[in-house]
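> Dropping the sequence and predicted coords here.
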Amino acid sequence: MAGYFLLARVWRYLRRYNMYEEEEKDIRCCPECGEEVERCDMNWTYDCHGITMRLLCWRCWNRIMEEKGYDGEEYSEYDECIDYEY
């Protein structure tokens, strides 16, 4: 009988702190390779000015960032297409 009360007490503790349920995983698709990975296994790439660009898996991130050090094409303020009256 004492074992039953102990089990009930443990069950209430686990229910209170949601330790008996598995956490829902945030699965996303890498736009570069198409592999489905967890969000915690992904990292943002940066363009040539340090602005965040894409969310990629670690394998693609390492490959892209090791090549040039940034993602995408290099650009400057002259590449922007803003009207002269702006």
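Cool, the structure landed.

> contacts and neighbour counts: CA atoms only from here.
Noted.

> next helix or strand past the lowest-mean-pLDDT helix or strand in the chain?
Scoring the helices and strands of the chain by mean pLDDT, DSSP states H and E places helix 2-16 at the bottom, with a mean of 66. Using DSSP states H and E, the helix or strand that follows helix 2-16 in sequence is strand 27-29.

> Mind listing residues that contact whichever helix or strand comes after that next one?
Where DSSP H and E defines the elements, the next helix or strand beyond strand 27-29 is strand 36-38. Applying CA atoms under 8 Å, 6 or more residues apart in numbering, the external contacts of strand 36-38 come out as 25-30, 57.

> Please repeat the previous calculation with a cut-off of 10 Å.
With contact meaning CA atoms under 10 Å, 6 or more residues apart in numbering, strand 36-38 is reached by 25-30, 56-58.

> can you put those residues in JSON lines and add pLDDT, distance to residue 46 and neighbour count?
Shown next, in JSON lines, are the contacts of strand 36-38 (pLDDT from 0 to 100; distance: CA to CA, whole Å; neighbours: other CA atoms under 10 Å):
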{"residue": "25", "pLDDT": "80", "distance to residue 46": "25", "neighbour count": "10"}
{"residue": "26", "pLDDT": "87", "distance to residue 46": "22", "neighbour count": "9"}
{"residue": "27", "pLDDT": "90", "distance to residue 46": "22", "neighbour count": "12"}
{"residue": "28", "pLDDT": "92", "distance to residue 46": "19", "neighbour count": "18"}
{"residue": "29", "pLDDT": "94", "distance to residue 46": "18", "neighbour count": "16"}
{"residue": "30", "pLDDT": "92", "distance to residue 46": "16", "neighbour count": "20"}
{"residue": "56", "pLDDT": "91", "distance to residue 46": "11", "neighbour count": "25"}
{"residue": "57", "pLDDT": "91", "distance to residue 46": "14", "neighbour count": "26"}
{"residue": "58", "pLDDT": "91", "distance to residue 46": "14", "neighbour count": "16"}
